[in-house]
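> Need the 3D shape of this:
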Amino acid sequence: MASKTSQNYPAWLGEAVFYQVYPQSFADSNGDGIGDLPGLIGKLDYLKSLGVSAIWLNPIFDSPMGDAGYDVRDFLKIAPRYGTNGDARRLFRQAHARGLRVVLDLVAGHTSVEHRWFKQSCRHTRNKYSDYYIWTPNVWTQTPKGRWISGYGERDGNFLTNFFWFQPALNYGYAKPDPARPWQQPVNAPGPRAVRRELHNIMKFWLDAGCDGFRVDMASSLVKEDADGSTIRQLWAEFRGWLERKYPQAVLIAEWCNPKQAIDAGFYVDFMIHSGEPAYNHLFGAWNRICGDAREPHVFFERAGGGDISLFLKNYMEHYQATRGKGFISLPTGNHDFPRLHRGRSNKELRVIHAMLLTMPGVPFIYYGDEIGMDYMENLPSREGSYCNRTGTRTPMQWTPGKNKGFSTAKARDLYLPVDNRRQSPNVDSQEKDPASHLNFVRTLLRLRREYPALGNTADFTPIYAEQGQYPFVYERSDGRRSRLAVAVNPRLKPCSIRLPKLQNAKPLLADGATVERGKLNMEGISFGLFLLE
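Numbers count the residues shown, from 1 in each chain. Model prediction:
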């Protein structure tokens, strides 16, 4: 294993490419219609061949699955439908044997109402767990803000939730508690201190078992009424310091969606994806809205061509400059909360998108199935809390053209979600045999990222052409004197040409519809190009 670098993160993260696995939809080994850990273990060679170096697993802990595992019943036990703790340890060992790391999803801010801590906290007599959660003094208390549940259990009080009603918020305290509201305990009160110890113990348990770190769900939400974020930053900085001392190769990845805040707080990576951060909105519009029904025509990656890349770049550069050398921004290809990027787009459009996302600085994350161009399935009912548009992006991985697309041997009615059986739906086996497939295109991009230091996670990023309301978007990636490349993308249908002195001696490395002639970049509609610079 690599040693920790002087750049304040483990060395392996500087070259990492992650693959996000939604476990219940990835690979079913026992024919019950639900993906599991043995199924994932059986696909590790495929992931290695893809060119990724790490896996992020959505929650696999014991849960009643009201919110697809984000309602944890037991943090120290693997959900039986996925396997056993022994299967998890075997996954870590088998992944490490292939040079792959495994990061677990840690739901730090809340539990299920079925967790034993909450059951004890619900008792009317005080006990060790009474202050593990946030309770008002009685059910008649008027609570001014937040999602409060009244009349649950024998305890006389209302409890605060973080998301759905069955996800009570753990008590990490309030940054500036109001004495008139006794449920607002300070962060150094006994209850919040005990909860922090529990989180420490959970992390230690799984790190000792062999995992390589955690993606932390709703990472910024733990401390309440923390307007300037100083208290939550202090909390995570303490955990970061502990990791650096005891587990220097482990990583913390945030669901914060504000990289300059998350990395300042001690995280190594943060995603720039949710609607709280406008960068992705400027690229993909309403795709980034959990309940958006249609995309906007006036964003950059639309064939209509009414977007403005300068809006994205202004926001992105603010975070890039603030985090460079400290941690990483991730512009993922998607995730379990948003409709897939292929929704309503052609395969050619998807290639242009991936040509950009997989050549930007930071740590790439590929959502399962995006490497073959899996599409979004419309109008599916909610399953395990996947309300709005989330169900259609969580359907089973498509491995073969055969029964259930090779995901499971179960009957179709027993599958976790229906597979995409539309005639043109892609699958891994068919694309493995096609050199021109999207799968092999993604493999090529990841291979180039490894072979050319200029395309790496830590290499420099400089916009070359990113004018307001104009196309294309052109940027330079460079790694000192070793290599320099230019990347150009034109996602609109209309061709474009522009003279750029920096491209005077450019040589094509990978291109579709883009050429350079004596410093003039010519781009067909919906095209991209990667060029070596001299």
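> longest helix of this structure?
Using DSSP state H to define each element, the chain has its longest helix at helix 190-209.
> Now the following helix or strand past that one - C-alpha only, PDB.
Along the chain past helix 190-209, the next helix or strand (assigned with DSSP states H and E) turns out to be strand 213-216. Provided in PDB are the C-alpha atoms of strand 213-216 (Å, rounded to 0.1, in the frame of the first residue of the first chain):
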ATOM      1  CA  GLY A 213     -12.900   4.500   4.300                       C
ATOM      2  CA  PHE A 214     -16.300   6.000   4.100                       C
ATOM      3  CA  ARG A 215     -18.600   8.100   2.000                       C
ATOM      4  CA  VAL A 216     -20.600  10.100   4.700                       C
END
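> Mind giving me the packing neighbours of the longest helix of the chain?
Helix 190-209 is packed against strand 74-78, helix 85-97, strand 101-106, strand 213-216, helix 230-246, with contacts defined by 3 or more CB pairs under 8 Å, 6 or more residues apart in numbering; DSSP states H and E. In short, each C-beta sits where N, CA and C put it, glycine included.
> average pLDDT across it?
In this model, helix 190-209 carries a mean pLDDT of 98.
> and that helix, how far from the chain's centre?
Its chain's C-alpha centre and that of helix 190-209 lie 23 Å apart, by CA atoms, centre = their mean, to the nearest Å.
> Point out where the stretch 101-250 of the chain drops to low pLDDT.
Under the criterion pLDDT under 70, no range of the stretch 101-250 of the chain is flagged.
> need the strands for the stretch 1-150 of the chain, in chain order.
In the stretch 1-150 of the chain, the strands defined using DSSP state E, counting those that start in this stretch lie at 18-21, 54-57, 61-62, 74-78, 101-106, 147-149.
> Where does pLDDT dip in the stretch 401-534 of the chain?
Using pLDDT under 70, nothing in the stretch 401-534 of the chain is flagged.
> how far away is Ile134 from Ser121?
10 Å (CB to CB, to the nearest Å).
> between those two, what contacts are shared?
Common neighbours of Ile134 and Ser121 (criterion: CB atoms under 8 Å, 6 or more residues apart in numbering): Phe159, Pro168.
> Quick one, which of the strands of the stretch 1-150 of the chain gets closest to Ala219.
Closest approach to Ala219 among those (CB to CB): strand 101-106, 9.0 Å.
> List the strands paired with the closest one, with their directions.
Strand pairing for strand 101-106, determined by DSSP bridges: strand 54-57 (parallel), strand 213-216 (parallel).
> Which of those strands has the highest mean neighbour count?
strand 213-216 (a mean of 26; mean count of other CB atoms under 10 Å).
> Give me the contacts around that strand.
Residues contacting strand 213-216 (CB under 8 Å, 6+ apart): 56, 101, 103-106, 108, 203, 206-207, 243, 250-255, 267-268.
> The longest strand seen in the chain packs against which elements?
If you go by DSSP state E, the chain has its longest strand at strand 520-532. Helices and strands touching strand 520-532, by 3+ CB pairs under 8 Å, 6+ apart, are helix 347-357, strand 483-490, strand 496-499, strand 507-517.
> Dump that strand to PDB, keeping only the CA atoms.
What follows is strand 520-532, C-alpha atoms only, in PDB (Å, rounded to 0.1, in the frame of the first residue of the first chain):
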ATOM      1  CA  LYS A 520      -8.000  26.100 -36.100                       C
ATOM      2  CA  LEU A 521     -10.300  23.800 -34.200                       C
ATOM      3  CA  ASN A 522     -13.100  22.500 -36.300                       C
ATOM      4  CA  MET A 523     -15.900  20.600 -34.500                       C
ATOM      5  CA  GLU A 524     -19.000  18.900 -36.000                       C
ATOM      6  CA  GLY A 525     -22.200  18.900 -34.100                       C
ATOM      7  CA  ILE A 526     -22.100  16.800 -31.000                       C
ATOM      8  CA  SER A 527     -18.400  16.100 -31.000                       C
ATOM      9  CA  PHE A 528     -15.300  16.000 -28.900                       C
ATOM     10  CA  GLY A 529     -11.500  15.800 -29.200                       C
ATOM     11  CA  LEU A 530      -8.500  15.000 -27.000                       C
ATOM     12  CA  PHE A 531      -5.300  16.500 -28.500                       C
ATOM     13  CA  LEU A 532      -1.600  16.300 -27.500                       C
END
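> Run me through the strand neighbours of it, direction for each.
With DSSP bridges as the test, strand 520-532 is paired with strand 483-490 (antiparallel), strand 496-499 (antiparallel), strand 507-517 (antiparallel).
> quick one: which of those is nearest Glu432?
It is, among the strands paired with strand 520-532 and with distance given as CB to CB, strand 507-517, at 19.7 Å.
> who's in contact with stretch 378-389?
Outside stretch 378-389, the residues that touch it by CB under 8 Å, 6+ apart are 65-70, 164, 290-293, 338-339, 376, 391-392, 394-395, 416-418.
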